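Engineer: The sequence and its predicted three-dimensional model are supplied below.
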Amino acid sequence: MTDVHVQERPARTRTALQIVDTDIHPVILPSAQRARMSARWARHHERWGRRTPHLTSLYPRARNKGMRADSWPDGEGHVPGSSLELTQHQLLDEHAIEIGILNCLNAQDCFDPPGFAADLNRALNDALIELWLEPEPRLRAAICVPHDHPELAVAEIERRAGDPRFVQVLFPAAGQEPFGSRRYWPIYQAAAAHGLPVAFHTGGYEGHRGTGWPSYYLEEHAGYGVVMQRVLASLVCDGALSAHPDLRVVLTEGGMAWMPSLIWRLDAAWELAHDEVPEIDRRPSQLIHDQVWLDTQPIEEPDDPADFVRIVEHARLEDRLMFATDYPHWDFDSPARALPRSLSKEVRAQILGGTAAALYDLEAAA
Amino acid sequence: VIDCDVHCQPDSLDTLLDHMDPYWRSYVEDATIALGDPGSYPPHLRGDVPTSAAQLTALLDRDGTDLAIVSCLALDGVHRHPDYASAVARGLNDWMRAELLDREPRLRASAVVSTTDIEAAAAEVERIGEDPRFVQVLLPVRSDVPYGNRLYNPIYAAAERRGLRIALHAWGRPGNAPTTTGIAATYLEDYVSNAHVAQNQLLSLVAEGVFTRFPQLGVAVLECGFAWLPPLLWRFDKDWKGVWREVPWIKRRPSEQVREHVRLTTAPGHLPPSPKEVAEVVEMVGPDLLLWSSDHPHEHGPAGAPLLSSVDAQAAAAIGSANAAAFYQVAA
């Protein structure tokens, strides 16, 4: 035995987190999903499959199925995101990520029967605990919910809310109705009551975008930022934010540079039309500042890095942005390189870790 | 001053029927069809759309406008019957020529066309485009099929041949939801959505290679705002660098193509509250891309600092008239 010199920690003041990754995509393989589903729905899963058309086959990703080329694990049936070991190695260790938040997208596009949706999401959360959260203390997770079936989604939130490793509730960016719609309000109430932010993540199954269907992945992908603008516009205009002042919203993987123009547009439209919606009690810019956070991925890269700073200032986003890698997807952002040097040291530190630590009340793993 | 978006409309469908095949008179009268059903447009925001050259003359005098491009949105509500849409389009174009352009020399016009009969639309562009006072082809920004689709080739070919620009104007195609999840429940959200639909159209136009196929084509985005453009292009350029293999016909950065081929009108501006921020927005967008517009008679509220007084004199001159003069090849 050697003498262990125990360094005294600062008296329980929390160590500032340097790097938090707010968007990691674990894949729960179908076999692992079925193993945790009820016999009724596991059989359905096996014999009838899923109802949703696969966007990845409608808009084939240009290379590597849209994944980082180096993210394919060894082993039969494995796909990028299905291996904890590889994720630990090439994400958490390599990039010194202290806390990572898992957003499992396996049920984001679930248009299957309500019972199936509820059972699948429960199984995903069980699998996240067993396969990811138990073995790796640096990880946290979003609660997967059957978002289009609010009473079932609320039940799943109630089931998980006591587990501090679940730090938010996961939504896609498109469902069966605009997300400001009252249909979804019970879910927002339950999340807010438990202090859990609701994260809207790019994806899910979208109708077309008001123009007819695009032809290419380039359009589909470049337009995801526009879809995220639509999510926020609905949350504001349909009154969901003003009706739930304790609701905190995170917009994930939709980029962020569009925020100032949307805020100005909403404010101007609200000045013109606020008597149409007198229930909206604050200017949209104020509602958004009070209740909305964004992750930075895929980070926009203006030719002039000074423009990035302008965007942050124009929308008062200094303490509203949270870094994310989007591992293992192809447009991965690295914590060492993604944020432009034009940002001040303080703002960079907030984006890389401080803001997420505050929003999610995170502490570094012991 | 060149005003690139002033609205006009005949006072009734009856005015147009003189310009249309007699079949349509009985069709219209039997079905009691009105022109330009305002649909869900809020009654108190409709304003008085000019219906005559005299009204437009008074407007130009009042505002000190040297040249105005009129756009008639009356076709938006009658698009689905392809033959009827073509007939009304032709009637509207003839009406604009005879009743407006011939009576007020400071006017230029947007040709209207059906979007459900593309061959007929192209033929109409060829026909009416012979008159140089028609400077663009008006399409509703909300479409059934995105405007980059090759379906529209005949319209673009005709427009290019006749030297007309393409204009995508806010609204249109009633019944088409502007969102991925359906109809907007409020006017507020619907109104905000035009900017999002316009962004999707620019993605389509570039990704499908329209500006490669039609190198002389220009597209004006009317009444959809413009502050959203820089972030869209940053993302578009970045994505293209990642997935260019999918669209090998795109040889130049999307932003370069947009800057060369696309212009945007200034009303509604939806601008930030401080003049300093407005100037920064205009600098990021590029003052050369903006076309001055009043959007008369529509009301967009007082929000944001005024545009022209927030930018330097050179930018103000470009936005006020020089950009439009160059883009439309018109002289005030």
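Structural biologist: Right, received. Where do you want to start?
Engineer: which residues in the stretch 101-250 of chain B form strands?
Structural biologist: Using DSSP state E, counting those that start in this stretch, the strands found in the stretch 101-250 of chain B span residues B:107-112, B:134-140, B:165-169, B:219-222.
Engineer: Over to the stretch 151-300 of chain A?
Structural biologist: In order along the chain, the stretch 151-300 of chain A carries the following strands (DSSP E, counting those that start in this stretch): A:166-174, A:198-204, A:249-252, A:292-295.
Engineer: can I get these in a markdown table with mean pLDDT, mean neighbour count and distance to chain B?
Structural biologist: For glycine as for every other residue, the C-beta is placed from the backbone atoms N, C-alpha and C. As requested, those are exported to a markdown table (pLDDT from 0 to 100; neighbours: other CB atoms under 10 Å in any protein chain shown; distance: least, CB to the nearest CB, whole Å):
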| stretch | mean pLDDT | mean neighbour count | distance to chain B |
| --- | --- | --- | --- |
| strand A:166-174 | 97 | 25 | 5 |
| strand A:198-204 | 95 | 25 | 9 |
| strand A:249-252 | 98 | 27 | 14 |
| strand A:292-295 | 98 | 26 | 12 |
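Engineer: right, and the ones you listed - which one's nearest B:Q9?
Structural biologist: Closest to B:Q9 of the strands of the stretch 151-300 of chain A is strand A:166-174 (CB to CB; 35.9 Å).
Engineer: can you state the direction angle for the closest one and strand A:198-204?
Structural biologist: Relative orientation of strand A:166-174 and strand A:198-204, computed by axes from the mean of the first three to the mean of the last three CA atoms, to 10 degrees: 40 degrees.
Engineer: The stretch 251-366 of chain A against chain B: which residues are in contact?
Structural biologist: Counting by CB under 8 Å from any CB of the partner chain, the stretch 251-366 of chain A comes close to chain B at A:255, A:257-258, A:260-262, A:264-273, A:276-277, A:298, A:300-302, A:307, A:310-311, A:314, A:330-331.
Engineer: Just the buried ones among those residues, please.
Structural biologist: By neighbour count, with 16 or more other CB atoms under 10 Å in any protein chain shown, these hold A:255, A:257-258, A:260-262, A:264-270, A:272-273, A:276-277, A:298, A:300-302, A:307, A:310-311, A:314, A:330-331 as buried.
Engineer: separation between the closest residue in space to B:P272 that isn't next to it in sequence and B:G301?
Structural biologist: Nearest non-adjacent residue to B:P272, counting by CB to CB, 6 or more residues apart in numbering or on different chains: A:W264, 5.3 Å away. A:W264 is 12 Å from B:G301, where distance means CB to CB, to the nearest Å.
Engineer: before we move on, what about A:C237?
Structural biologist: Look at A:C237 and B:G301: by CB to CB, they are 15 Å apart.
Engineer: Tell me which of the two has more neighbours.
Structural biologist: Each of A:C237 and B:G301 has its neighbours counted (other CB atoms under 10 Å in any protein chain shown); A:C237 has more, 29 against 16.
Engineer: Could you count how many residues lie near the nearest residue to the more buried one once chain neighbours are set aside?
Structural biologist: Counting by CB to CB, 6+ apart, B:E189 is the residue found nearest to A:C237 once chain neighbours are left out, at 3.6 Å. By other CB under 10 Å, the residues close to B:E189 number 25.
Engineer: what's near enough to touch B:E189?
Structural biologist: For B:E189, the contacting residues are A:P178, A:G180, A:A233, A:S234, A:C237, A:D238, B:T179, by CB atoms under 8 Å, 6 or more residues apart in numbering or on different chains.
Engineer: Tell me how many other residues crowd A:A16.
Structural biologist: So A:A16, with other CB under 10 Å, has 11 neighbours.
Engineer: That one reaches A:A357, doesn't it?
Structural biologist: Yes. Between A:A16 and A:A357 there is a contact at 7.4 Å, judged by CB atoms under 8 Å.
Engineer: Any figure for the gap between A:A153 and A:V198?
Structural biologist: 10 Å.
Engineer: Also A:E98?
Structural biologist: To A:V198, A:E98 is 24 Å away according to CB to CB.
Engineer: Residue numbers of the stretch 101-250 of chain A in contact with chain B?
Structural biologist: Residues of the stretch 101-250 of chain A lying near chain B by CB under 8 Å from any CB: A:173-181, A:206-219, A:221-223, A:225-227, A:229-230, A:233-234, A:237-238.
Engineer: From these, keep the buried residues only.
Structural biologist: Buried members of these, counted by 16+ other CB under 10 Å: A:173-181, A:206, A:208-219, A:221-223, A:225-227, A:229-230, A:233-234, A:237-238.
Engineer: So for A:R138, what's the nearest residue that isn't a sequence neighbour?
Structural biologist: Per CB to CB, 6+ apart, closest to A:R138 is A:A365, 4.9 Å.
Engineer: tally of neighbours for the one you found?
Structural biologist: A:A365: 11 neighbours (other CB under 10 Å).
Engineer: now swap in B:P132 and tell me
Structural biologist: By other CB under 10 Å, the residues close to B:P132 number 12.
Engineer: can you pull the contacts of it?
Structural biologist: B:G163.
Engineer: measure it to A:A35 for me?
Structural biologist: Per CB to CB, B:P132 is found 72 Å from A:A35.
Engineer: With B:L233 instead?
Structural biologist: Distance, B:L233 to A:A35, by CB to CB: 46 Å.
Engineer: do B:D48 as well
Structural biologist: When distance is defined by CB to CB, B:D48 is 68 Å away from A:A35.
Engineer: Looking only at neighbour counts, state which of these two leads.
Structural biologist: Set side by side, B:D48 and A:A35 show more neighbours around A:A35, with 14 against 9, by other CB under 10 Å.
Engineer: interface residues of the stretch 51-200 of chain B facing chain A?
Structural biologist: Residues of the stretch 51-200 of chain B found near chain A (CB under 8 Å from any CB) are B:142-149, B:176-182, B:184-189, B:191-193, B:195-197, B:199-200.
Engineer: Just the buried ones from the residues you listed?
Structural biologist: So, by 16+ other CB under 10 Å, the buried ones in those are B:142-149, B:176-181, B:184-189, B:191-193, B:195-197, B:199-200.
Engineer: Just give the nearest non-adjacent residue to residue 96, would you?
Structural biologist: You didn't pick a chain, so chain A it is. Nearest residue to A:A96, sequence neighbours excluded (CB to CB, 6+ apart): A:I19, at 5.9 Å.
Engineer: was after chain B, sorry
Structural biologist: Sequence neighbours aside, B:A109 is the residue nearest to B:M96 in space, at 4.7 Å (criterion: CB to CB, 6+ apart).
Engineer: That neighbour against B:G129, yeah?
Structural biologist: No. Assessed by CB under 8 Å, B:A109 is found out of contact with B:G129, at 10.9 Å.
Engineer: between these two, who's got more neighbours?
Structural biologist: Using other CB under 10 Å as the criterion, B:A109 and B:G129 rank with B:A109 on top: 24 against 21.
Engineer: which residues sit in contact with that one?
Structural biologist: The contact partners of B:A109, by CB under 8 Å, 6+ apart, come to B:I69, B:V70, B:S71, B:N93, B:M96, B:R97, B:L100, B:L101, B:R133, B:F134, B:V135.
Engineer: Out of the residues you listed, which is nearest to B:A54?
Structural biologist: Out of the contacts of B:A109, the member with the shortest distance to B:A54 (by CB to CB) is B:L100, at 10.1 Å.
Engineer: what about the closest one, distance to chain A?
Structural biologist: For B:L100, the distance to chain A (CB to the nearest CB, to the nearest Å) stands at 29 Å.
Engineer: Which residues are in contact with the closest residue to that residue other than its chain neighbours?
Structural biologist: Among residues not flanking B:L100 along the chain, B:A53 sits closest, at 5.0 Å (CB to CB, 6+ apart). By CB under 8 Å, 6+ apart, the contact set of B:A53 is B:E99, B:L100, B:R103, B:E104, B:L107.
Engineer: mind redoing it with 6 Å?
Structural biologist: Residues in contact with B:A53 (CB atoms under 6 Å, 6 or more residues apart in numbering or on different chains) are B:L100, B:R103, B:E104.
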